[in-house]
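J.: Need a 3D model of the following:
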Amino acid sequence: MRRLLTAHPEVKVIGEAANPDEAIRAIGRTSPDVLFLDVEMPGGSGFDLLEKLEDVPAVVFTTAYDEYAVRAFEVSALDYLVKPITAERLAAALGRAQRALDASLKERPNLRSASAAHQIFVRDGDRCWIVRVTDISLLESVGNYTRLHFGGNAPLIFRSLTAIEQRLNPGTFFRANRSQIVNLGWIEAAENDISGRLSLKLRSGKQVGISRRQSRSLRELLSL
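T.: As a prediction, this is how the structure comes out:
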């Protein structure tokens, strides 16, 4: 892979890892734009690695086993390269990666400097996704776990709502009450109930009640 990438001067290789633990440390240290990830690795799979990342970069899977192809695209990988990788196939994957990065930077110009996560990996049983955080309309606490709502899906992930909140952009996500965080960009309508609390309707169709204290904060934030 490194040899093939030398033909692309626009690409800089900033790290390599032989197993998931090494990869997690390298990714945290270098913050890559694109991750070329083998599905099968010593000590765990590529999917295991993605599940441990706080913020997931663009992913191109590389493997000798094409049986993983469907699953790789289910998790929204940029591309899937089957070994032996040809120069033409790699060039196509890099072009797709560049277009995706350009689109992300256009949508969020400060992406590289932002501390908040912009993509996360979500696994629910045999199903898994790489989800843009801005596509999440609602997060709900379920005990020590959190249910994410995005694109008609509502998987449960093994992280607390408080832990996830620390990685969210406070300009985009708002703590509605003890158990729910709402994406402000998904609000379709806001109404006062008889007690003066706000009730939100999201574009996804979900209804979210805002606590009394948070209703005051949200009114100020949205200039209601």
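J.: Distance from the chain centre to stretch 90-101, please.
T.: Stretch 90-101 has its C-alpha centroid displaced from the chain centroid by 19 Å (C-alpha atoms, centre = their mean, to the nearest Å).
J.: Quick check: buried residues in it?
T.: Neighbour-count burial for stretch 90-101 flags Leu90, Ala93, Leu94, Ala97, Gln98, Leu101 (criterion: 16 or more other C-beta atoms under 10 Å). Glycine gets a C-beta too; all of them are placed from N, C-alpha and C.
J.: Could you dump those residues into a markdown table with distance to Leu81 added?
T.: A markdown table is the format used below for the buried residues of stretch 90-101 (distance: C-beta to C-beta, whole Å):
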| residue | distance to Leu81 |
| --- | --- |
| Leu90 | 7 |
| Ala93 | 6 |
| Leu94 | 10 |
| Ala97 | 11 |
| Gln98 | 16 |
| Leu101 | 18 |
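J.: pLDDT check: weakest of those residues?
T.: Ranked by pLDDT, the buried residues of stretch 90-101 bottom out at Leu101 (84).
J.: Name the nearest residue to that one, ignoring sequence neighbours.
T.: Using C-beta to C-beta, 6 or more residues apart in numbering and skipping the chain neighbours, the partner closest in space to Leu101 is Asp33 (5.6 Å).
J.: Neighbouring strands - and their directions - for whichever strand or helix holds Arg147?
T.: Using DSSP states H and E, Arg147 sits in strand 145-149. In the sheet, strand 145-149 lines up against strand 138-142 (antiparallel), strand 156-157 (antiparallel) (DSSP bridges).
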